[in-house]
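[1] sequence plus the predicted model coming up.
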Amino acid sequence: MNKIVVVGAVAGGATVASQIRRLDQESEIVVFEKDRDMSFANCALPYYLGNVVDARDKVLEATPESFYESKHIVVKPYHEVTSINDSKNTITVYDRVHETTFEAQYDTLILSPGCSANALNLDSPIAFTLRNMEDTDAIESFIEKNQVKNALVIGTGYIGLEILDNLYERGITPTLIHRSTHINKLMDQDMNQAIIDEMDKRNIAYRFNEQVSKVIGNEVHFESGKVEHYDLIIEGVGVKPNSEFIKNSNVTLDDKGYVPVNDQFQTNISNIYALGDIITSHYRHVNLSAHVPLAWGAHRGASVIAEQLAGDRTIHFKGYLGSNIVKFFDYTFASVGVSPQELKHFDYSMVEANQGEHAGYYPGNTKLHLRVYFDKTNRRIIRAAAVGKKGADKRIDVLSMAMMHQLTIDELVEFEVAYAPPYSRPKDIINMIGYKARNK
Ligand SMILES: Cc1cc2nc3c(=O)[nH]c(=O)nc-3n(C[C@H](O)[C@H](O)[C@H](O)COP(=O)(O)OP(=O)(O)OC[C@H]3O[C@@H](n4cnc5c(N)ncnc54)[C@H](O)[C@@H]3O)c2cc1C
């Protein structure tokens, strides 16, 4: 019988296993997960801590028992894959509960080990990172047990921003620090002003170019010389690939430890696939490599791998567009396309509009700032970014679809908007970008 082994049982791993089972009732599928839980909703964790998602079982989507019952897939929690022997088609697995090691054979191996949160090694019981349900449970019980009143959030990536927003909504007073002034880095820096404004409006303290030097009890010492007291510290300082166990195999890793894959999600070894945050691939709309560690890619990878193994082999991955979005209090920050740092690879121009999101006379109108970058050599859209209280998500999704089809900036005048006063204008902000581009 064909044996498929999956490493990692969360977004990519659990999804690829169930997608394969949908198409293939015969193969044996075994999933090894080094930690306690499978198939939890990572993206829900900040909202669960903010009590916005009100029940733990809404976050934990499956258990090994329920998965086996419904899909006949074996999931082994607390089983860490420690090495791959690709010449023998085996992996070495460490059973963390029984402290034993064994070899497992595979015909096809699928890697979805994701990333781990970077930690600042503050060596403090009040400092936490947030990556999985175990971290979340630890933070939740710490908050309850210690009646946490204030928290220091380190880092301004999307996890830091979401945590800050959610702690505040829960009634905990947050303070934000970041080691530079380069915040929320997927967004154009001059479009981040609303982050500052939203904190000012709520009297939330923040400091940039600031770092923690040491923590003694609840006393936090900063490199600026300040000393402050906090009940809780959450570090959102980036991630690193979980690829230690791959290093001794013949699977190629790039210089940062990520796994390059082809359009079928195969690594350089044809019966070893990889997906999710661990991979690097390429953009769909431009000829550049891309690393997009977000949930859509894990789900798309799962579907394509399942098709490769058990379905229609003509289905392959056409690349990322890099769509991303984050809510920060009343504002939404969203972008799609190459990152601001990658624009340097293009001879580009930019068009922007900053106007009412819907008809001016209709109540609740708010400003939406939309910016679109295009390649001057072929006028195709390469990046878009939007910030506003309403409508940023819709515009970025529309532009993602436009970029998927390689539309030019000029074709945006033809976008036919679904218009009524509460939703947009007869000439939508996307049309406005197209009209403005005529002069560029
Ligand atoms: C707090 C938080 C919020 C997020 N919010 C969003 C969001 O709003 N939108 C979005 O698009 N994305 C979001 N993400 C990112 C998204 O969750 C990831 O892109 C996605 O989970 C990646 O899937 P994956 O399978 O690669 O990794 P994961 O889902 O992290 O799963 C990897 C699993 O592999 C296990 N593993 C690692 N090494 C081994 C080993 N050697 N042996 C066995 N098991 C191993 C790990 O323990 C882990 O459980 C968020 C992530 C976090 C942490």
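    The structure has been received and is ready for your questions.
[2] which element is the residue nearest to Arg22 when sequence neighbours are not counted on?
    Once flanking residues are discounted, Arg22 sits nearest to Ala306: 6.9 Å by CB to CB, 6 or more residues apart in numbering. For every residue, glycine as well, the C-beta is placed using N, CA and C. Under the criterion of DSSP states H and E, Ala306 resides in helix 295-310.
[3] now that helix: average pLDDT?
    Mean per-residue pLDDT for helix 295-310: 97.
[4] who are the packing partners of that helix?
    Applying 3 or more CB pairs under 8 Å, 6 or more residues apart in numbering; DSSP states H and E, we find helix 295-310 packed against helix 11-23, strand 279-282.
[5] hmm, try it at 7 Å
    Where contact means 3 or more CB pairs under 7 Å, 6 or more residues apart in numbering; DSSP states H and E, helix 295-310 is packed against helix 11-23.
[6] got the angle between the helix it packs on and helix 295-310?
    Angle of helix 11-23 versus helix 295-310, following axes from the mean of the first three to the mean of the last three CA atoms, to 10 degrees, is 40 degrees.
[7] can you tell if helix 11-23 touches the ligand?
    Yes - applying CB under 6 Å from any ligand atom, one finds helix 11-23 in contact with the ligand at 11-13.
[8] buried residues, that helix. List them.
    Judged by neighbour count using 16 or more other CB atoms under 10 Å, the buried positions of helix 11-23 are 11-21.
[9] without its sequence neighbours, what residue ends up closest to the residue in the stretch 151-300 of the chain that the ligand sits nearest to?
    Distances between the stretch 151-300 of the chain and the ligand by CB to the nearest ligand atom are smallest at Gly276, namely 2.1 Å. The shortest distance from Gly276 to any non-neighbouring residue, by CB to CB, 6+ apart, is to Gly12 (3.2 Å).
[10] that neighbour contacts Gly301, doesn't it?
    Yes - in this structure, Gly12 is within contact of Gly301 by CB atoms under 7 Å, at 6.0 Å.
[11] intersection of neighbour lists for these two?
    By CB atoms under 7 Å, 6 or more residues apart in numbering, Gly12 and Gly301 have these common neighbours: 275-276.
[12] what is the burial count for Arg438?
    Using other CB atoms under 10 Å, Arg438 is surrounded by 10 other residues.
[13] tell me the secondary structure of it, please.
    Secondary structure state of Arg438, per DSSP: H, G, I helix; E, B strand; the rest coil, is helix.
[14] pLDDT score for it?
    As predicted, Arg438 sits at a pLDDT of 95.
[15] now Glu61
    Note on Glu61: pLDDT of 86.
[16] phi, psi of the closest residue to it other than its chain neighbours?
    Among residues not flanking Glu61 along the chain, Ser39 sits closest, at 4.8 Å (CB to CB, 6+ apart). When read as degrees, to the nearest 10, the backbone of Ser39 gives phi 50, psi 40.
[17] what about Ser39, neighbour count?
    Ser39: 23 neighbours (other CB under 10 Å).
[18] list the contacts for the residue minimising distance to the centre of the chain?
    Nearest to the geometric centre of the chain sits Leu294, at 3.0 Å (CA atoms, centre = their mean). Contacts here follow CB under 7 Å, 6+ apart; on that basis Leu294 touches Asn324.
[19] all helices for the stretch 1-150 of the chain, in order.
    Applying DSSP state H, counting those that start in this stretch to the stretch 1-150 of the chain gives helices spanning 11-23, 45-49, 64-71, 133-146.
[20] same list (the ones you listed) but as TSV, adding mean pLDDT.
    Shown next, in TSV, are the helices of the stretch 1-150 of the chain (pLDDT from 0 to 100):
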stretch	mean pLDDT
helix 11-23	98
helix 45-49	97
helix 64-71	97
helix 133-146	98
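[21] a markdown table for these, including distance to Ile234?
    Shown next, in a markdown table, are those (distance: least, CB to CB, whole Å):
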| stretch | distance to Ile234 |
| --- | --- |
| helix 11-23 | 21 |
| helix 45-49 | 9 |
| helix 64-71 | 29 |
| helix 133-146 | 7 |
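[22] can you tell which of those is closest to Asn121?
    Closest to Asn121 of the helices of the stretch 1-150 of the chain is helix 133-146 (CB to CB; 16.0 Å).
[23] may I have that closest one exported as CSV, CA atoms only?
    The C-alpha coordinates for helix 133-146 follow below in CSV (Å, rounded to 0.1, in the frame of the first residue of the first chain):
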residue,chain,number,x,y,z
MET,A,133,-2.3,26.8,21.1
GLU,A,134,0.1,25.8,23.9
ASP,A,135,1.6,29.4,23.8
THR,A,136,-2.0,30.7,23.8
ASP,A,137,-3.1,28.6,26.8
ALA,A,138,0.1,29.6,28.7
ILE,A,139,-0.6,33.3,28.1
GLU,A,140,-4.3,33.0,28.9
SER,A,141,-3.7,31.2,32.2
PHE,A,142,-0.9,33.7,33.1
ILE,A,143,-3.3,36.6,32.5
GLU,A,144,-6.0,35.0,34.6
LYS,A,145,-3.7,33.8,37.4
ASN,A,146,-1.8,37.1,37.7
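[24] got the contact list for that helix?
    Contact partners of helix 133-146, identified using CB under 7 Å, 6+ apart, comprise 35-37, 40, 45, 48-49, 59-60, 128-130, 148, 231-232.
[25] give the buried residues for that helix.
    So for helix 133-146, counting by 16+ other CB under 10 Å, buried means 133, 135-136, 139-140, 143.
[26] list just the nearest of the residues you listed to Glu244.
    The nearest member of the buried residues of helix 133-146 to Glu244, counting by CB to CB, is Asp135 at 19.4 Å.
[27] could you see whether the ligand lies near the helix or strand following the helix holding Ala306?
    Downstream of helix 295-310, the next assigned helix or strand under DSSP H and E is strand 324-328. No - using CB under 6 Å from any ligand atom, strand 324-328 stays clear of the ligand, with a minimum separation of 6.9 Å.
[28] where does the protein have low pLDDT?
    Nowhere does the chain drop to pLDDT under 70.
[29] return the residues of it in contact with the ligand.
    Of all the residues in the chain, those lying near the ligand are 7-8, 10-13, 32-35, 42-43, 45-46, 80-81, 112-114, 130-132, 159, 242, 245, 276-278, 293-296, 298, going by CB under 6 Å from any ligand atom.
[30] much appreciated, bye for now.
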